[in-house]
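K.L.:
Just a sequence and a predicted model for now, questions to come.
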Amino acid sequence: MDASGPRTVGLPMYDPPELRATVDAWWNGLARAFRAEGVAAVPDGLDRSLSLDALWGAPDLLFTQTCGYPLTGAWASRLKYLATPRYAAPGCDGSSYCSWIVVAADSRARGVEDLRGARCSINGRISHSGYNALRALVAPLARDGRFFGSVSVSGGHAESLVQLERGEADVAAIDCVSYALFGRCRPRAIEATRIIGRTTQAPGLPYAVRIDASADICRQLRAGLLRAFQDPELRTLREELLIVGLDFLPAGAYRCMSDMEVDARRQGYVELD
């Protein structure tokens, strides 16, 4: 990894436009802490110009937040786990989280079983919260490999909520941290929905580095994370982003997500349909 110039960093997972000033300020605090621990070529700003694939595959990637599902699957050969932040959102338990099964406020559905044949909106097939966890939840209810009437890809949790509000979809699985943050910055979108269920708990969205990051860089970044998470000057920013702590989880903690995928496939539910 070339450290001659600023490297690529991104915090794309909980970064709605309304909170970007706060996310930028949080990154400034992280960057300051990383530099204090001796990390070289730390950039001043986040790169929001890249797609998730381009960000997570960047040859000069220094630091990012990702989904645990691709971390153990599609991106297992490119990303390395660093740490897991804890969030103070309803649905979180320590460093684990869940997804809410969300319908329109005026929906007649009262439980997951009522959603058979419904129009489902997912944020993406690489997502645990919006796809993999939902597939695991409905797999026991599927018939001949199908449960929903249709499945569309919205591109993001925010877009799935818009589809629910517009009546373009009947159900979506929304990351509980995203749902809580949207409750703060997009209350109308949340008021237009109702929670009727939840997925199984799983480790939250981790911080990661390139797979070839050296042991020294990983040590410095983890030390910098601890410094930033303990910095009283950053407490207000952490609270605004619902961040309350940091955990270093054991190797294999995220394998439960691939286990969910395997179990759904064993039940004949290969794709979320």
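P.N.:
Cool, the structure landed.
K.L.:
So residue 105 sits against residue 190, correct?
P.N.:
No - Residue 105 lies out of contact with residue 190 (Cβ atoms under 8 Å); the separation is 9.6 Å. For glycine as for every other residue, the C-beta is placed from the backbone atoms N, C-alpha and C.
K.L.:
Comparing those two, which shows the higher neighbour count?
P.N.:
residue 190 (21 against 12; other Cβ atoms under 10 Å).
K.L.:
Can you point out the buried residues in stretch 96-110?
P.N.:
96-104, 107, 109 (16 or more other Cβ atoms under 10 Å).
K.L.:
hang on, I meant stretch 176-183
P.N.:
Quick answer for stretch 176-183 (16+ other Cβ under 10 Å): 176-182.
K.L.:
between those residues, which is closest to residue 247?
P.N.:
The closest of those to residue 247 turns out to be residue 177 (Cβ to Cβ; 14.8 Å).
K.L.:
So for the lengthiest strand in the chain, mean pLDDT?
P.N.:
Taking DSSP state E as the criterion, the chain has its longest strand at strand 79-87. For strand 79-87, the mean per-residue pLDDT is 97.
K.L.:
what's the following helix or strand after it?
P.N.:
Note on strand 79-87: by DSSP states H and E, the next helix or strand toward the C-terminus is strand 96-97.
K.L.:
gap between that following strand and the chain center?
P.N.:
10 Å (Cα atoms, centre = their mean, to the nearest Å).
K.L.:
which residues are contacting it?
P.N.:
87, 89, 91, 129, 175-177, 201-205 (Cβ atoms under 8 Å, 6 or more residues apart in numbering).
K.L.:
May I see the residues you listed organised as CSV, with distance to residue 268 added?
P.N.:
Formatted as CSV, the contacts of strand 96-97 follow (distance: Cβ to Cβ, whole Å):
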residue, distance to residue 268
87, 34
89, 33
91, 29
129, 23
175, 27
176, 28
177, 31
201, 25
202, 22
203, 27
204, 30
205, 29
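K.L.:
quick one: which of those is nearest residue 27?
P.N.:
residue 205 (15.6 Å).
K.L.:
tally of neighbours for that closest one?
P.N.:
24.
K.L.:
what about the closest residue to residue 269 other than its chain neighbours, how many residues close to it?
P.N.:
Once flanking residues are discounted, residue 269 sits nearest to residue 139: 4.0 Å by Cβ to Cβ, 6 or more residues apart in numbering. Burial measure for residue 139: 21 neighbouring residues, criterion other Cβ under 10 Å.
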